[in-house]
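In: Provide a 3D model corresponding to the input given below.
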Amino acid sequence: MNKEFVMRGKTESGQTEVLNFSGYKPGYAYRMTEFSIYPSNGIGSTGWEIVGTVTAGKTAVAPTDPDFNNEGLIACSMYVGQNNVYTGKINTILNDTFLITQNLILMVQDASSGGNPINWQCRFVAEKMTGPEEAVANYRQFTISDE
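Out: Next up, the predicted model:
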C-alpha cells in the first residue's frame, strides 16, 4: 500500500467536492498533511482572495466563515495576491492529527470576484491502526458526520 498520495482538482467557486475514502483498506486511516489552493486564471493581472475548507462533517464549512469550534473542520486555507504584483501568500491551518476513515467535503470560494474556479491539492499519508484504534477513529468520524 502506498504510504502517501495526492488528490487534486479544479473546482468552481462556491461549489463542493467529495474526497472519496470509501475504498479505504481496513486497518488503515489517513492523515492530511497538506492542503493548498491556487488561482486558475488571471495570474499576474488580477488580485485574488481565494479560500477553501475541508471537513469531515455532514455538510461543507463555508470557507469565508470557518469556525474552529467545529470538530469536523480539518483544514482551511487562504490565498491572497495583489494586482500585477507577484506577492501571493498562502495561509493554511491543518489538523494533521485527525484520522480519516470516511469521505471528506472540500469547498472553495473566490472571495474577491466570486466567479473564478480554484485549483486545489490535498496530500495524505496512510496510518496503520490496531483494531481498537480503528474503532475509535471510525466512531469519532461517524459522530462528527452524524451531527
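In: Please make it C-alpha for all contacts and neighbour counts, starting now.
Out: Will do.
In: What residues sit buried inside the helix or strand of the chain with the lowest mean pLDDT?
Out: When the helices and strands of the chain are scored by mean pLDDT, DSSP states H and E, helix 131-145 comes last with a mean of 76. Using 16 or more other CA atoms under 10 Å as the test for burial, helix 131-145 gives 134, 137-138, 140-142, 144-145.
In: Could you list every helix and strand in contact with that helix?
Out: In terms of contacts (3 or more CA pairs under 8 Å, 6 or more residues apart in numbering; DSSP states H and E), helix 131-145 is packed against strand 28-39.
In: can you pull the buried residues of the strand it packs on?
Out: Of the residues in strand 28-39, 28-39 count as buried by neighbour count, 16+ other CA under 10 Å.
In: Next secondary structure after that strand?
Out: strand 48-55 (DSSP states H and E).
In: Just want the most central residue of the protein.
Out: Residue closest to the average C-alpha location in the chain (CA atoms, centre = their mean): V54, at 3.1 Å.
In: Tell me how many other residues surround F68.
Out: Residues within reach of F68, counting by other CA atoms under 10 Å, total 12.
In: That one looks like it's in a strand, true?
Out: No - under DSSP: H, G, I helix; E, B strand; the rest coil, F68 sits outside any strand and is assigned coil.
In: quick revisit: quick one: residues contacting the closest residue in space to the residue nearest to the centre of the chain that isn't next to it in sequence.
Out: For V54, ignoring the flanking residues on the chain, the nearest one in space by CA to CA, 6 or more residues apart in numbering is L106 at 4.4 Å. Listed by CA atoms under 8 Å, 6 or more residues apart in numbering, the contact set of L106 reads 16-19, 52-55, 60.
In: Give me the buried subset of the residues you listed.
Out: 16-17, 19, 52-55, 60.
In: Mind putting those into a markdown table with pLDDT and distance to T101?
Out: Shown next, in a markdown table, are the buried ones among the contacts of L106 (pLDDT from 0 to 100; distance: CA to CA, whole Å):
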| residue | pLDDT | distance to T101 |
| --- | --- | --- |
| T16 | 96 | 19 |
| E17 | 96 | 17 |
| L19 | 95 | 11 |
| G52 | 96 | 21 |
| T53 | 97 | 18 |
| V54 | 97 | 14 |
| T55 | 95 | 12 |
| A60 | 94 | 17 |
